[in-house]
Structure formats: structure tokens, C-alpha cells
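3D model of this:
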Amino acid sequence: MLVHDQYIYPEKPDCDDDIVVFHSGFSSTMANYSHGKDTRDYYLIHWVTRGRGTYQTETAKYNLKEGDGFLILPGQTIVHTADKEEPWDLCWVAFFGRKVEEILKEAGLDREHLIFHYDKDTFLEDCIQNIYKESQTGKNVLYITGQFYLFMARLAEEKQKERFLSTESSQFSRFEEAMNYIRRNIRSQISVAQLANSMRLDPSQVYRIFQKHTGRSPQQVIAELRMEKACEFLEKTDLSIRDIAEWLGYEYQSHFTKQFKVHRKMSPSAYRKLCRNN
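Modelled structure (predicted):
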């Protein structure tokens with residue numbers, strides 16, 4: 001087994017800086033090789049560059065592969081073990097400081113979230129290599145700390161994208177929820193307040209969702225869907241215009257006809273005649 005572990009300081013320095021990078025390294029492990037069962041008073045992040053293995057804490061066990069990473073917390077007793085068929089290669093960086101928890105949080109890491117994944121390129125490994133090489137030679141602390149910040153910034157950037165996509169997905173599902181409600185209640189004169197109440201949202205939130213997905217207000221979308229249903233009846237049934245107006249909840253046929261002209265630029269009877277001639 002090959003292990004390269006380079007310490008920047010001979011022992012952990014007693015300081016109160018925002019971030020202090022302590023050591024970094026690389027390893028190519030043998031099948032079933034385990035490491036751990038001890039504790040430390042600093043943080044460690046490992047990233048898997050090849051192969052597979054497991055990471056076990058006091059409460060959970062994770063099966064990891066290339067591109068996965070794991071966080072080890074101060075005072076945490078852990079064991080990480082290389083796979084018997086595809087033993088892994090790892091790189092790591094050790095650190096501590098006043099702002100560690102804040103920085104880790106930006107990257108989506110904490111006591112409840114110890115695992116991450118990054119497989120776009122070798123950026124994370126490159127940062128650790130740069131830290132390792134500088135630790136061997138000039139030991140420029142600013143450069144080393146800068147590389148660590150770049151490492152964490154990339155994780156934070158990926159987490160931000162993940163949160164954005166999650167929010168987009170959530171917003172889309174709320175939009176679909178709203179559209180389903182409108183379709184189910186198309187015969188009613190639906191107000192935005194009623195729609196918002198059904199979604200357990202404020203009317204302003206519903207308005208923003210519709211603006212984002214349609215560029216129109218909820219009232220405009222509701223009115224258009226009602227007109228689409230009216231067109232469907234005019235095209236496919238022999239229902240009278242009065243019956244269609246009543247089915248859609250209009251008190252007066254004249255009101256329905258007026259609204260239809262606004263949306264279709266012709267009367268309901270002219271629309272039906274046009275459809276049938278075509």
C-alpha cells in the first residue's frame with residue numbers, strides 16, 4: 001500500500017484563525033484495508049479518486065465509489081475500508097478553524113450530512129495536490145489556504161446548483177398542482193384566493209409561480225383554460241351556447257359570449273360554424 005501524507009506543521013498549531021490547513025495526502029490501498037477506530041481534534045475530508053470502499057461512523061455505514069467524498073468530524077470514531085474487489089485510491093485534506101462549520105454548511109456538509117459526490121473533473125484532487133506539493137516545498141500558507149478555499153468553493157457551487165434544481169422542481173410541482181386544481185374546478189369561477197387556499201400559499205406566491213412558468217397571471221391562465229373548454233364543447237358537441245355558458249358557470253349567456261369574443265376574436269356561434277366548415 002502507498003501512503004503519502006504531508007504535514008504543514010510538525011504538530012497541530014494552537015491558533016484561532018478562520019481556517020488552518022493541517023495536512024494533506026494520497027493513498028492507494030490494498031483490498032479490505034481498513035483505517036480508523038481512532039479520533040482526532042480536527043476535520044478531514046476524503047475524496048475517492050478510484051475504486052470502492054465503505055465509510056462507517058458510530059451510527060451509519062456508507063458504500064462509496066469513485067467521485068464520492070466523506071467528512072470526518074473532530075472526536076468522531078470512524079472506520080473506512082477498501083473494497084475487496086476494487087480497492088480505492090483516496091486523497092484528503094485536514095483542517096480546523098473558527099469558520100469551518102460555516103464553510104462546511106455552504107457545501108452542504110454537517111453532522112447529519114457527511115457524504116458528497118463530485119465527478120465532473122479532477123478539480124478537487126488538483127487542489128489537494130497543490131496543497132500537498134506546497135506543503136513539501138515553500139509552505140506558503142496563503143497559497144495553501146487559498147487552494148483549500150477553492151476546494152470548498154467548488155463543493156459549495158455544486159450544492160448551490162443542487163438546491164436551485166430542487167427549488168425549480170418543487171416550484172414546477174406546485175404549478176402542476178395549481179393547474180390540476182383549475183382543471184378539476186373548471187366549471188367554477190375560480191378566484192386566485194381560492195386557488196392559493198387550496199395550495200396553502202399566499203396569493204402573491206401563486207402569482208409568482210404562474211409568472212415564472214407562463215409569463216401570465218393566474219387569472220389570465222384560468223380564463224384561457226375556461227375558453228379552451230368552451231371551444232371543446234363548441235367543436236365536439238351539439239350543446240347550445242346557453243347550455244355551454246351554464247355548464248361553465250356563467251350566469252348570463254351574454255357574459256359568456258362577451259368573454260369568448262375577447263379571447264377568440266369572434267362569437268361562439270361563429271367559432272362553431274368555422275370549425276364545422278373546416
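
all helices for the stretch 101-250 of the chain, in order.
Secondary structure of the stretch 101-250 of the chain by DSSP state H, counting those that start in this stretch: the helices cover 123-136, 141-184, 192-199, 203-214, 218-236, 241-247.

Would you mind saying which of those helices lies nearest Asp5?
helix 123-136 (8.9 Å; Cβ to Cβ). Using the backbone N, CA and C atoms, a C-beta is placed for each residue, glycine as well.

dump the residue contacts of Phe256.
230, 241, 244-245, 248, 250, 268 (Cβ atoms under 8 Å, 6 or more residues apart in numbering).

Distance to Thr49, mean neighbour count and mean pLDDT added to the helices of the stretch 101-250 of the chain, as JSON lines?
JSON lines is the format used below for those (distance: least, Cβ to Cβ, whole Å; neighbours: other Cβ atoms under 10 Å; pLDDT from 0 to 100):
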{"stretch": "helix 123-136", "distance to Thr49": "6", "mean neighbour count": "19", "mean pLDDT": "96"}
{"stretch": "helix 141-184", "distance to Thr49": "14", "mean neighbour count": "15", "mean pLDDT": "85"}
{"stretch": "helix 192-199", "distance to Thr49": "46", "mean neighbour count": "16", "mean pLDDT": "88"}
{"stretch": "helix 203-214", "distance to Thr49": "40", "mean neighbour count": "16", "mean pLDDT": "89"}
{"stretch": "helix 218-236", "distance to Thr49": "50", "mean neighbour count": "17", "mean pLDDT": "93"}
{"stretch": "helix 241-247", "distance to Thr49": "65", "mean neighbour count": "17", "mean pLDDT": "92"}
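
Generate CSV for those helices, with distance to Arg111 as supplementary columns.
Shown next, in CSV, are those (distance: least, Cβ to Cβ, whole Å):
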stretch, distance to Arg111
helix 123-136, 22
helix 141-184, 16
helix 192-199, 34
helix 203-214, 32
helix 218-236, 42
helix 241-247, 58
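
Looking at those helices, which is nearest to Leu2?
Short answer: helix 123-136, nearest of the helices of the stretch 101-250 of the chain by Cβ to Cβ, at 13.5 Å.

what's the burial count for the closest residue to Lys12 other than its chain neighbours?
Residue nearest to Lys12 in three dimensions, not counting chain neighbours: Phe22, with 6.1 Å by Cβ to Cβ, 6 or more residues apart in numbering. By the criterion of other Cβ atoms under 10 Å, Phe22 has 21 neighbours.
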